[in-house]
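J.: Got a sequence here, can you build the structure:
(one chain, ligands or ions: 1)
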Amino acid sequence: MADVVALNIEINIDIIKKINPSAIIILGGHHATFFAEEWLKRGADFIVLREGDLSFPVLIENILSNTNEFHINGILSANNLQCSDENLPYLKDLDILPMPDFNLVNYKFYNICRYNSGFTASLETSRGCVYDCSFCTIPIYWGKTQRFKSAERVCEEIDILYKIGIRQIAIVDDNFFAFPHRDYRIFEYVLSKYRDVIFGSFLRADYVIRNPEVIKIAARAGLKIVFIGYESDDIDAIERMGKRIEKNIVDKYAEIYQFLHNNDVYVYGFYLTGFPFQKKISLPSKKVADILLYSDWKPRKYTKLSKEFGVLDNFYWFRFLDERRIDPVKMLTFFFVTLDWRINNKFSRSHMINMLKGYADTIENWRFLSFIEFLKKISNVEKREELIRFIVDNNKKRIMKRLGL
Ligand code: SF4
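T.: Coordinates of the predicted model:
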């Protein structure tokens, strides 16, 4: 999601620097790593490349001790522009990491959307992904590795969260269900100890077929929400996306959903559209999720598909604006699919409200244009870079003015 919020971050940098010009701004994560030099130009002082567990503490110590020694492996800065992320090692054993200080978070701001009571904490149990989907940046960022915390370590983190009052846990791993033996032990432990914790996580459709027993115990232990990337009903398209999944998986989508539903697990199903090789939006013929979410392919830097189709690196991503021409038929289809109560059951109300808020935001972003200008600008694909600069500058001016800066 980083390219969706890149403009926000950029505006935040400007605001912080205006309020406190001596503030030191450090960025890290996927987007900061992939666009490191661009972020330095936009006002960041340091970029923590890839995994910051070892480099970030050194940077903080050097800043605090005023050593001015910033040639740190894994930290890019104006003084250390040669630093590259390419050969940075990945931690082999995540269990050596210090226990996160969960008390630092004000949990009252966080809540898994479907449940109204209680607060939600994030839990990282592994990093990376063993798959290599052609639209996805995860294997690139994590060097096609997936490293796991042990079941014991994960259970210890759950215990700490429970003690501080957390009852909802969002597992933030890109590919959580990937190590059945470990996953089983984690949920077996939770089931033996707690009865009131809810979990949400990503889940690959094929894992359900292969490991129904793990899903059953996870559901009994509190797994209530899963996010499944079905991506498409067209197996040829799925293969182009490099999902590395069984050929007959599409025929099993409804069965997978039914199994999860019978185990009281709520399913968000994701479909991807907008690939150059896709001829039409594929709609499932049977119920495969409680909520279906369609998203347009966003060509991301370094991904196989972006390279294959020679698309530009998107530093920002704006609704209605990328290097492809706007397709009103597709937009309307998205709109009506989201509104369709036969496909999306009663919980789609909040999803629909969010979507409408998204459209309202877009209109707000483009407010400085007349409608005709808006149409003219979005249809002029060749002037995309100029147009993006125009939106960014205008939004910055508008927000600074609103804040009185
Ligand atoms: S889409 Fe999911 S399964 Fe595919 S590479 Fe990315 S994280 Fe892994």
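
J.: Which residue would be the closest one in the stretch 301-405 of the chain to the ligand?
T.: Thr303 (9.6 Å; CB to the nearest ligand atom). Using the backbone N, CA and C atoms, a C-beta is placed for each residue, glycine as well.

J.: That residue - how many residues pack around it?
T.: Under the neighbour criterion other CB atoms under 10 Å, Thr303 is assigned a count of 21.

J.: Now for this structure, the helix or strand with the poorest mean pLDDT.
T.: Using mean pLDDT, DSSP states H and E, helix 328-339 stands out as the lowest-scoring helix or strand of the chain, at a mean of 60.

J.: residues contacting the residue lying closest to Phe135 once chain neighbours are set aside?
T.: Take Phe135 and drop its neighbours on the chain: the residue closest to it by CB to CB, 6 or more residues apart in numbering is Leu305, 5.1 Å away. Contacts for Leu305 (CB atoms under 8 Å, 6 or more residues apart in numbering) come out as Ser134, Phe135, Met241, Phe275, Trp297, Pro299.

J.: Let's have those in JSON lines, adding distance to Ala218.
T.: JSON lines is the format used below for the contacts of Leu305 (distance: CB to CB, whole Å):
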{"residue": "Ser134", "distance to Ala218": "29"}
{"residue": "Phe135", "distance to Ala218": "27"}
{"residue": "Met241", "distance to Ala218": "26"}
{"residue": "Phe275", "distance to Ala218": "32"}
{"residue": "Trp297", "distance to Ala218": "30"}
{"residue": "Pro299", "distance to Ala218": "34"}
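
J.: Widest-spaced pair of those?
T.: The most widely separated members of the contacts of Leu305, counting by CB to CB, are Met241 and Pro299 (12.9 Å).

J.: Which of the three states applies to Ile47?
T.: Secondary structure, DSSP: H, G, I helix; E, B strand; the rest coil: Ile47 is strand.

J.: what are the bridge partners for it, then?
T.: Beta-bridge pairing for Ile47 (DSSP bridges): Leu27, Leu76.

J.: Where does pLDDT dip in the stretch 301-405 of the chain?
T.: 312, 318-355, 358-359, 361-384 (pLDDT under 70).

J.: Now do the contacts for the residue lying closest to Asp264 once chain neighbours are set aside.
T.: Distances taken as CB to CB, 6+ apart put Ala219 closest to Asp264, at 6.1 Å, once the chain neighbours are dropped. Listed by CB under 8 Å, 6+ apart, the contact set of Ala219 reads Leu260, Asn263, Asp264, Val265.

J.: so the last one touches Phe227, yeah?
T.: No - in this structure, Val265 is not within contact of Phe227 by CB atoms under 8 Å, at 11.0 Å.

J.: So between these two, which is more surrounded?
T.: Between Val265 and Phe227, counted using other CB under 10 Å, Val265 has the larger neighbour count: 22 against 16.

J.: Ramachandran angles for that one?
T.: In terms of degrees, to the nearest 10, the main-chain angles of Val265 are phi -110, psi 130.

J.: so what's it up against?
T.: Ile215, Ala219, Leu223, Lys224, Ile225, Val226.

J.: which of these are close to the ligand?
T.: Counting by CB under 6 Å from any ligand atom, the subset of those that neighbours the ligand is empty.

J.: and which of the contacts of Leu305 is nearest Gly310?
T.: Pro299 (9.4 Å).

J.: ok, the residue lying closest to Asp159 once chain neighbours are set aside to the ligand distance?
T.: The shortest distance from Asp159 to any non-neighbouring residue, by CB to CB, 6+ apart, is to Lys193 (7.9 Å). Noted for Lys193: a distance of 30 Å to the ligand, by CB to the nearest ligand atom, to the nearest Å.

J.: What backbone torsions are found at Lys193?
T.: phi -120, psi -40.

J.: And the pLDDT for it?
T.: Lys193 is assigned 98 on the pLDDT scale.

J.: Then Ile16?
T.: Per the predicted model, pLDDT is 93 at Ile16.

J.: contacting residues for it?
T.: Ala23, Ile25.

J.: how far does the helix or strand in which it is found sit from the chain's center?
T.: Assigned by DSSP states H and E, Ile16 belongs to helix 2-19. Its chain's C-alpha centre lies 18 Å from the corresponding centre of helix 2-19 when counted by CA atoms, centre = their mean, to the nearest Å.

J.: Start at 308, not 1
T.: Understood, numbering begins at 308; the last thing we discussed is helix 309-326.

J.: and the gap between the residue of the chain positioned farthest from its centre and Ile331?
T.: Within the chain, the residue lying farthest from the chain centre (CA atoms, centre = their mean) is Thr374, at 36.1 Å. Here Thr374 is placed at a distance of 14 Å from Ile331 (CB to CB, to the nearest Å).

J.: Get me the contact residues on this structure for the ligand.
T.: Proximity of the chain to the ligand, by CB under 6 Å from any ligand atom, involves residues Cys436, Tyr438, Asp439, Cys440, Cys443, Ile445, Pro446, Asp481, Asn482, Arg511, Gly536.

J.: Buried ones among the residues you listed?
T.: Cys436, Tyr438, Cys440, Cys443, Ile445, Pro446, Asp481, Asn482, Arg511, Gly536 (16 or more other CB atoms under 10 Å).

J.: How about the fourth one: what's its closest non-neighbour residue?
T.: In this structure, Cys443 finds its nearest non-sequential neighbour in Thr610, 6.5 Å apart by CB to CB, 6+ apart.
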